[in-house]
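dropping the sequence and predicted coords here.
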Amino acid sequence: MRFKIIIEYDGKDFSGWQEQEGCRTIQGELSNALKNLFNEKIEVHGSGRTDAGVSAKNQVAHFDVETNLKPYNIMMALNRRLPETIRIKNVTLVDNSFHSRYSTKRKTYSYHMYASVVESPLRRNTHLQVWPNLDFDSMFKACECFVGTHDFKGFCHDNPQIISTIRTIYSCKMTKIDDDITITICGNGFLHNMVRIICGTILKVGQRKIKVEDLPDIIKSGDRKRTGQTLSAIGLLLESVEYDK
């Protein structure tokens, strides 16, 4: 029996998603909770790995187990066994052909910043503080440059296991409400640190260190040295993972 779960978590105190010895991880906590509930080692497969400090509103995973428990009862039982910073929001029984990672069609991430010279106590764990003297009009225009199918070699860290660095971005939008800035990116998949580097590049445009008109050439060049910094994990949130119905 295969169960699909939707998870919300605050990643601040975790070393990312992937289970690793000697570190506290989301996958590790889920594995421990499942073992405690079903008295057996159960492998949890996530839609992808989130880095240390990254949070998720709707992460998706699946696991296989034979049980008479109803999905709702599994959800409630696991939540009682998980730390308060991790909660399973939904459990459904799915066909064995479903795979949380390989069946993914698109993912949406958001990155959160605030532009102020004064630190915000309420946002210190969820937003990146940036200097307020930014060219916001250019930042809005910069977002449009990333939409489409591109080789994002210059927007990731080297990984010899990655076969292709070509990805499709369906939308990249920025919203600004008062001093609160959110960049939301939806794509068919993301490379390691890709969202944080894209957002770092957009921020660099706002800081007038990169011209909007140069972005197409920068993307095409694949040169990591020409793109922005990898922004802090604090501001990154996995919003949703979508599948074919």
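Structure received.

quick check: Met75 touching Ile88?
Yes. Assessed by C-beta atoms under 8 Å, Met75 is found in contact with Ile88 at 5.1 Å. In this view, the C-beta of every residue, glycine as well, is placed from N, C-alpha and C.

overlap in contacts of those two?
By the contact definition C-beta atoms under 8 Å, 6 or more residues apart in numbering, Met75 and Ile88 are jointly contacted by Ile5.

do a quick rundown of the strands in the protein.
2-9, 45-46, 55-64, 86-94, 104-115, 128-130, 148-151, 166-177, 180-187, 236-243 (DSSP state E).

now do the domain split for this protein, please.
Here the domain parsing of the chain from automatic domain parsing is 2-94, 105-243.

any chance of a markdown table for the ones you listed, columns mean neighbour count and mean pLDDT?
A markdown table is the format used below for the domains of the chain (neighbours: other C-beta atoms under 10 Å; pLDDT from 0 to 100):
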| stretch | mean neighbour count | mean pLDDT |
| --- | --- | --- |
| domain 2-94 | 17 | 95 |
| domain 105-243 | 17 | 95 |
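
gap between the residue at the greatest distance from the centre of the chain and Met1?
The C-alpha centroid of the chain is most remote from Asn68, which lies 33.2 Å away (C-alpha atoms, centre = their mean). Separation of Asn68 from Met1 (C-beta to C-beta, to the nearest Å): 10 Å.

do the same with Gly11
29 Å.

same check, this time on Arg24
Taking C-beta to C-beta as the measure, Arg24 falls 29 Å from Met1.

what does Thr50 give?
Going from Thr50 to Met1 by C-beta to C-beta gives 26 Å.

one step back: can you report phi and psi for the residue farthest from the centre of the chain?
phi -100, psi 0 (degrees, to the nearest 10).

residue contacts, it?
Listed by C-beta under 8 Å, 6+ apart, the contact set of Asn68 is empty.

now it: how far from Gln27?
Distance, Asn68 to Gln27, by C-beta to C-beta: 26 Å.

do the same with Asp244
Plainly put, Asp244 is 25 Å away from Gln27 if you go by C-beta to C-beta.

do the same with Thr104
Thr104 sits 17 Å away from Gln27, taking C-beta to C-beta as the criterion.

also Met174?
Counting by C-beta to C-beta, the gap between Met174 and Gln27 amounts to 31 Å.
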